[in-house]
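In: Model the structure of this input:
(one chain, ligands or ions: 1)
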Amino acid sequence: MKRILVTGGLGFIGSHTVVELQNEGFEVIIIDDLSNSSIGVLERITSITGISPIHENIDLKDPIAIRSFFKKYREIDGVIHFAASKAVGESVEKPLKYYRNNISSLIYLLEEMAENHIEHLIFSSSCTVYGQADKMPITESAPFKTAESPYGNTKQIGENVINDTTKASALKAISLRYFNPIGAHKSAKIGELPVGVPQNLIPFVMQTAIGIREQLSVYGGDYPTSDGTAVRDYIHVVDLAKAHTVAMSRLLNGKNKESFEVFNIGTGKGSTVLEVINAFEEVSNQKLNYKIVDRRAGDIVEAYADTTYANNDLGWQAELSLKDGLASAWKWQQSLVE
Ligand code: WQD
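Out: Below you'll find the predicted structure:
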């Protein structure tokens, strides 16, 4: 049984990926310092799969702690690295927190992986590395634009650090550039747990619909799009999780063509904010209270993935729709208040 370390494995995407790894027969060890997740997720994962992953509460900013972890757990076949700070707005206010947490931790992890001859890494990246891409749909060869935030910059730097490391060592890595992850596992036992006022659209929609928030503000109605609101590629978190098991298997089976590969993980379909709202009203059969306000600083107009390379080369395809994502997110939100 292949043994996979998942850092940030109790987080939103991490927990869904742990479930899919276990479904595929991998043994999973989680490192999560609970700074942006809750220990209750561990037993929820277990209740879904019937298998309890090992969990170690380790701060990846502490190289000594990482070293002792790898002395304790030998024979790790691969690492999926989610653990990072990811709030775009916070990263503008606290850049050093983001460079410390997202870059130093990555470097310590890579050093200990090399020390222990662990040669397979999946890196959690983001379409944010493209900024406002010039051409739609966005392919993996679209250039990095100057990052709109320190958070986005840490993803660009992270990819470069890993790429350079693969050139100088036996490391093989795949960076998955996520578009906009939404939804929850069909069991409604795991899902997105935003801390404080949600920054992202879907959690805010759900909290408005359930009555926690008064009204959704739609940031900008004057964009050059079909209905004036911005376009994103909303991908179901379960589809996204499966992309990680496919990518890890690709590396473990030596199917990678380069030592560093990048794949866009999206549906390939763009949706405007108003289309998301309309789709939600259909799946929930209730009206959403919203108003169109000024644009949000730093937002791009449009982003959706060209999924040709992921479909044909990685052999992964999104199967769930925007409505599936919204329906599962709504079921999850309703389970939170029960
Ligand atoms: C989506 C759309 C908003 C909230 C960010 C990060 C990206 C990734 C996903 C981590 C935009 C609009 C939003 C609201 C709104 N995170 N919106 N009202 O900004 O595309 O991407 O999260 O990897 O890196 O940049 O996602 O959900 O914040 O916004 O109208 O209350 O919804 O303007 O058009 P975004 P989002």
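In: Which parts of the chain are strands?
Out: 3-7, 27-31, 54-56, 78-81, 120-126, 172-178, 180-182, 216-219, 231-232, 234-236, 260-265, 271-272, 290-293 (DSSP state E).
In: Now tabulate those strands in CSV and tack on distance to the ligand.
Out: The C-beta positions use only the backbone N, C-alpha and C, and glycine is treated the same way. Listed next are these as CSV, based on distance: least, CB to the nearest ligand atom, whole Å:
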stretch, distance to the ligand
strand 3-7, 15
strand 27-31, 19
strand 54-56, 23
strand 78-81, 14
strand 120-126, 4
strand 172-178, 6
strand 180-182, 5
strand 216-219, 4
strand 231-232, 5
strand 234-236, 8
strand 260-265, 11
strand 271-272, 8
strand 290-293, 8
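In: Turn the ones you listed into CSV, columns for mean pLDDT and mean neighbour count.
Out: Formatted as CSV, the strands of the chain follow (pLDDT from 0 to 100; neighbours: other CB atoms under 10 Å):
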stretch, mean pLDDT, mean neighbour count
strand 3-7, 98, 24
strand 27-31, 98, 23
strand 54-56, 98, 17
strand 78-81, 98, 25
strand 120-126, 98, 25
strand 172-178, 98, 23
strand 180-182, 98, 24
strand 216-219, 98, 18
strand 231-232, 98, 21
strand 234-236, 98, 26
strand 260-265, 98, 23
strand 271-272, 98, 20
strand 290-293, 98, 13
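In: Adding distance to Gly152, write the ones you listed out as CSV.
Out: Formatted as CSV, these follow (distance: least, CB to CB, whole Å):
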stretch, distance to Gly152
strand 3-7, 20
strand 27-31, 24
strand 54-56, 29
strand 78-81, 17
strand 120-126, 7
strand 172-178, 11
strand 180-182, 14
strand 216-219, 18
strand 231-232, 15
strand 234-236, 18
strand 260-265, 15
strand 271-272, 21
strand 290-293, 23
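In: Can you tell me what sits against the lowest-mean-pLDDT helix or strand in the chain?
Out: The weakest-scoring helix or strand in the chain, judged by mean pLDDT, DSSP states H and E, is helix 88-93 (a mean of 92). With CB atoms under 8 Å, 6 or more residues apart in numbering as the test, helix 88-93 has contacts from 85, 97-98, 128, 148-152, 154, 199, 298.
In: Give the buried subset of these as a PyMOL selection command.
Out: The buried residues among the contacts of helix 88-93 can be selected in PyMOL (16 or more other CB atoms under 10 Å) with this line:
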select buried, resi 85+98+128+148+149+150+151+152+154
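In: Among the contacts of helix 88-93, which are located in helices?
Out: Of these, the ones assigned to helices by DSSP state H are 97-98, 150-152, 154.
In: Number of residues surrounding the residue nearest to Met206 when sequence neighbours are not counted?
Out: Leaving out its chain neighbours, the residue that sits closest to Met206 by CB to CB, 6 or more residues apart in numbering is Gln333, at 3.9 Å. Neighbour count of Gln333, defined by other CB atoms under 10 Å: 22.
In: again with Phe26
Out: 23.
In: how about the helices in the stretch 201-338 of the chain?
Out: Under the criterion DSSP state H, counting those that start in this stretch, the stretch 201-338 of the chain contains helices at 201-210, 237-252, 273-284, 308-309, 322-337.
In: Can you add mean pLDDT and give the ones you listed back as CSV?
Out: Listed next are these as CSV, based on pLDDT from 0 to 100:
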stretch, mean pLDDT
helix 201-210, 98
helix 237-252, 98
helix 273-284, 98
helix 308-309, 98
helix 322-337, 96
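In: could I get those as TSV with distance to the ligand?
Out: Shown next, in TSV, are the helices of the stretch 201-338 of the chain (distance: least, CB to the nearest ligand atom, whole Å):
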stretch	distance to the ligand
helix 201-210	4
helix 237-252	11
helix 273-284	5
helix 308-309	20
helix 322-337	12
